[in-house]
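Visitor: Got a predicted structure here, sequence first:
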Amino acid sequence: MTGTIHIVKLSVGSDSVEQIEAWQQHRSEQRANGRYYHVTRMWPKREAELLNGGSIYWVIKGMLQARQRIIGLEEVVGVDGIRRCGIVLEPEIIRTATAPKRPFQGWRYLKPEDAPPDLGHSRQDDDALPPELAGALADIGVL
């Protein structure tokens, strides 16, 4: 039986979950069959586990803050002729409990037991804490 694995990715240039949503819905041309996909240079070796309920967890301003379910991997060939991986995502972005994450290149695998929990639907529209405050609270164990 295949397990599940997630991916962690920095959302470079985003200041909030709302900015990611706006980019994906209105400005990005990265679409396959009407769905947004995120392009990455490396094809995940653990494809079956990602497609078995995996999500991409977004790091925004040094904090894990949200996730999107991965629904497919598509080959994308750039204008430079290089083969890349398009990670096809569900449109819904689910807010998670915040968790600090140091900067890194590319993406990393994330075990389900290490993933932050989703916020309840009643908290999805809560105002987000400023990243610095969320980080400080996480450091002392409050978040």
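Guide: Thanks, I have the structure now. Numbering: from 1, shown residues only.
Visitor: quick check, G86 in a helix?
Guide: No. Counting by DSSP: H, G, I helix; E, B strand; the rest coil, one finds G86 to be strand, located in no helix.
Visitor: got the contact list for E21?
Guide: I93 (C-beta atoms under 8 Å, 6 or more residues apart in numbering). (C-beta placed from N, C-alpha, C; glycine too.)
Visitor: The same query, at a cut-off of 10 Å, please.
Guide: With contact taken as C-beta atoms under 10 Å, 6 or more residues apart in numbering, E21 is in contact with S14, Y36, A66, Q68, P91, E92, I93.
Visitor: Give the residue spans of this structure that score low on pLDDT.
Guide: For the chain, the stretches flagged by pLDDT under 70 are 1, 27-28, 32, 121-143.
Visitor: Show me where the chain has its helices.
Guide: Using DSSP state H, the helices found in the chain span residues 17-22, 47-50, 131-139.
Visitor: before we move on, the earlier item: among the contacts of E21, which one lies nearest to N52?
Guide: Nearest to N52 among those, counting by C-beta to C-beta, is Q68 at 15.6 Å.
Visitor: List the beta-bridge partners for the closest one.
Guide: Judged by DSSP bridges, the bridge partners of Q68 are I56.
Visitor: Compute the distance between I20 and G62, please.
Guide: Distance from I20 to G62, counting by C-beta to C-beta, to the nearest Å: 15 Å.
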